[in-house]
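Asks: 3D model of this:
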Amino acid sequence: MLTDAALKALRPKEKSYKITDRDGMYALVTPGGTVSFRLDYRLHGRRETVVLGRYGPTGLSLARAREKCIDARRAIGEGRSPAIEKQREKRRLLEARSFGELGEKWLDAAPMADSTRAMRRSIFERELLPVWRRRLLNEIAPDDLRAHCAAIVERGAPATAIHVRDIVKQIYGFAILHGEKIANPADEVGPASIASFVPRDRSLSPTEIRIMLKQLEHVATLPTIRLGMRLYLLTMVRKSELLDATWDEVDFENAVWTIPKERMKRSKAHNVYFSRHVLDIFIALKTCAGNSKYVLPSRYDADAPMSRATFNRVTYLVVEQARKEGLPLEPFTVHDLRRTASTLLNELGFNSDWIEKCLAHEDGRSSRGVYNKAEYEVQRRHMMQEWSNIVDAWIGGQKYIPALIPPSMPLVQPDPAL
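Replies: A predicted model of the protein is given here:
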């Protein structure tokens, strides 16, 4: 058998020659001095040779070559050609597509809502392309993903880090589905190892609403952002629905904002009916927006919507300001304002169907959800006005008893003529 000392002592000759080892493996020494490990074998009636690798500090050790020889002999025993498999692997590496290329294909082809696609594209282009655009899929290891997510968490964006991990997982899943023989690095990086979150059931109390809106006036931010925070509470829309809102969706004459189906989570157009308070807020925002098509334009670019992170920063500032004043206000998110309105309106006794319509929810789990397609415009306009009145009263430290049914609500009755 060969030894490392014997291999190092080998010298080239005029012609290539072999030095045998165990298990059929041998070292081939070329006239140029290259020493490579090889295995000759017969399979399916033909003679083949597989090159296991080159010996040397940058190549294979003798021990590793013997391991590869055993793997090759196992493949032969199973009827597989190690030489052909090695050629396939080389071809796969030559044809391998980059992470950036596969990511673009996944974003274009994978089924998802338009709003979800827009969010994921934003994260992909901002967080992943600058780091891994030209890397081959087999060049990204679980430790690379884990370290990248940790850096994002460190800068204070744990939710973004979770999305980064999920996007990587789905890109690799897409690649594997389309024939790439590659391990998915995200399989070894669980979401819990990146960040953990408080369960999504936070709802502000009337006292916290009062504190939040009062402290909002004392934090350093733009008037439009203060108005936007009020809109989230009073209209119950999702964050993206307001941030991407354009003025052509707003009908001042009829006091309604119609969000097109392309921007809705369930791909169905949604009407937001205005209370007097909400109408006043939209008028103020229109005055501030100038010539921008966006209801909430970016501070630095009127042709772009406000940053997704803007309102998150404001919620942090409001909570910090309240704590400085010794006031009881726990951390909350913009989405919690939507949940707060829903929770309190239900507790006050308003019809749950009206509330679900305001939230743009469709309950498809029952026949009730399938058949109830009523818009409840009159009822919802009334409820939204009452909700604005209630919030105003809480801010002023007053009581307000809402009317649960609008006086003008149409009665459902049979035609007396029939």
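
Asks: use CA for all of it now, contacts and neighbours both
Replies: Will do.

Asks: in this protein, which helix or strand is least confident?
Replies: helix 367-371 (a mean of 44; mean pLDDT, DSSP states H and E).

Asks: The next helix or strand after it - contacts with which helices or strands?
Replies: Using DSSP states H and E, the next helix or strand after helix 367-371 towards the C-terminus is helix 377-395. In terms of contacts (3 or more CA pairs under 8 Å, 6 or more residues apart in numbering; DSSP states H and E), helix 377-395 is packed against helix 206-216, helix 223-235, strand 270-273, helix 276-289, helix 352-358.

Asks: Does anything pack onto the second one? Which helices or strands?
Replies: When contacts are defined as 3+ CA pairs under 8 Å, 6+ apart, helix 223-235 sits against helix 276-289, helix 334-348, helix 377-395.

Asks: what comes up buried for whichever helix or strand comes after the shortest one?
Replies: Past helix 276-289, further along toward the C-terminus, the next helix or strand under DSSP H and E is helix 310-324. Within helix 310-324, the residues that count as buried by 16 or more other CA atoms under 10 Å are 311, 314-315, 317-322.

Asks: can you redo the helices and strands packed on helix 223-235 as CSV with mean neighbour count and mean pLDDT?
Replies: Supplementary listing: the helices and strands packed on helix 223-235 in CSV, determined by neighbours: other CA atoms under 10 Å; pLDDT from 0 to 100:
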stretch, mean neighbour count, mean pLDDT
helix 276-289, 16, 89
helix 334-348, 19, 88
helix 377-395, 20, 89
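
Asks: so which of those helices gets nearest residue 40?
Replies: Closest approach to residue 40 among the helices and strands packed on helix 223-235 (CA to CA): helix 334-348, 66.1 Å.

Asks: Low-confidence ranges, the stretch 201-350 of the chain, go.
Replies: Judged against pLDDT under 70, the stretch 201-350 of the chain has no low-scoring part.

Asks: again, but for the stretch 1-150 of the chain
Replies: Residue ranges of the stretch 1-150 of the chain with pLDDT under 70: 90-96.

Asks: roughly how far out does stretch 130-138 sit from the chain middle?
Replies: 19 Å (CA atoms, centre = their mean, to the nearest Å).

Asks: from now on call the first residue 36
Replies: Sounds good: first residue 36 from here, last item stretch 165-173.

Asks: ok, back up a step: just name the most buried of the helices and strands packed on helix 412-430.
Replies: Mean neighbour count (mean count of other CA atoms under 10 Å) peaks for strand 305-308 among these, with a mean of 21.

Asks: the helices in the stretch 36-185 of the chain, which residues?
Replies: Along the stretch 36-185 of the chain, the stretches classed as helices by DSSP state H, counting those that start in this stretch are 39-44, 97-112, 117-130, 134-144, 149-158, 164-167, 177-189.

Asks: what comes up buried for the fourth one?
Replies: Along helix 134-144, the positions that meet the burial threshold by neighbour count (16+ other CA under 10 Å) are 134-135, 137-138, 141-142.

Asks: repeat for the fifth one
Replies: Within helix 149-158, the residues that qualify as buried are 149-150, 155-156, 158, counting by 16+ other CA under 10 Å.

Asks: Greatest separation within the residues you listed: which pair is it?
Replies: 149 and 158 (14.4 Å).

Asks: what about the nearest residue to residue 91 once chain neighbours are set aside, neighbour count?
Replies: Spatial nearest neighbour of residue 91, chain neighbours left out: residue 70 (8.0 Å); criterion: CA to CA, 6 or more residues apart in numbering. For residue 70, the neighbour count with other CA atoms under 10 Å is 26.

Asks: Residue 70 contacts residue 62, correct?
Replies: Yes - Residue 70 is in contact with residue 62 according to CA atoms under 8 Å; the separation is 6.3 Å.

Asks: before we move on, back to that, which pair in the buried residues of helix 345-359 spans the largest distance?
Replies: 346 and 357 (16.5 Å).

Asks: Residue nearest the middle of the protein, spatially speaking?
Replies: Per CA atoms, centre = their mean, the C-alpha nearest to the average position across the chain is that of residue 198, at 3.6 Å.

Asks: Now name the helix or strand holding it.
Replies: Residue 198 belongs to helix 193-212, assigned by DSSP H and E.

Asks: Following that helix in sequence, what is the next regular element?
Replies: Following helix 193-212 toward the C-terminus (DSSP H and E): helix 226-229.

Asks: and for that following helix, what are the contacting residues?
Replies: Helix 226-229 has contacts (CA atoms under 8 Å, 6 or more residues apart in numbering) with 181, 184-185, 188, 193, 196-197, 200.

Asks: these two touch, right, residue 181 and residue 220?
Replies: No - using CA under 8 Å, residue 181 is not in contact with residue 220, being 9.2 Å away.

Asks: related to what we said a few turns ago, how about the buried residues of helix 345-359 in TSV, adding distance to residue 318?
Replies: Formatted as TSV, the buried residues of helix 345-359 follow (distance: CA to CA, whole Å):
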residue	distance to residue 318
346	20
349	22
350	24
352	26
353	25
354	28
355	30
356	28
357	29
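
Asks: tell me which of those residues is nearest to residue 371?
Replies: residue 350 (10.5 Å).

Asks: so who does the closest one touch?
Replies: Counting by CA under 8 Å, 6+ apart, residue 350 has contacts 366-369.

Asks: Please report how far it lies from residue 320.
Replies: Per CA to CA, to the nearest Å, residue 350 is found 20 Å from residue 320.

Asks: residues in contact with the residue lying closest to residue 53 once chain neighbours are set aside?
Replies: Of all residues not flanking residue 53 in the chain, residue 63 sits nearest, at 4.6 Å (CA to CA, 6+ apart). Counting by CA under 8 Å, 6+ apart, residue 63 touches 51-54, 69-73.

Asks: does residue 358 really touch residue 364, like I thought?
Replies: Yes - if you go by CA under 8 Å, residue 358 and residue 364 touch, sitting 7.2 Å apart.

Asks: quick one on the thing from earlier: dump the helices and strands packed on helix 258-270 to a markdown table, plus distance to residue 124.
Replies: Output for these, formatted as a markdown table (distance: least, CA to CA, whole Å):
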| stretch | distance to residue 124 |
| --- | --- |
| helix 311-324 | 57 |
| helix 369-383 | 48 |
| helix 412-430 | 63 |
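
Asks: out of the ones you listed, nearest to residue 297?
Replies: helix 369-383 (20.3 Å).

Asks: can you give me the angle the closest one makes with helix 345-359?
Replies: Here the directions of helix 369-383 and helix 345-359 differ by 70 degrees (axes from the mean of the first three to the mean of the last three CA atoms, to 10 degrees).

Asks: Between the two ends of stretch 382-394, how far is it?
Replies: Start-to-end, stretch 382-394 (CA to CA) is 16 Å.
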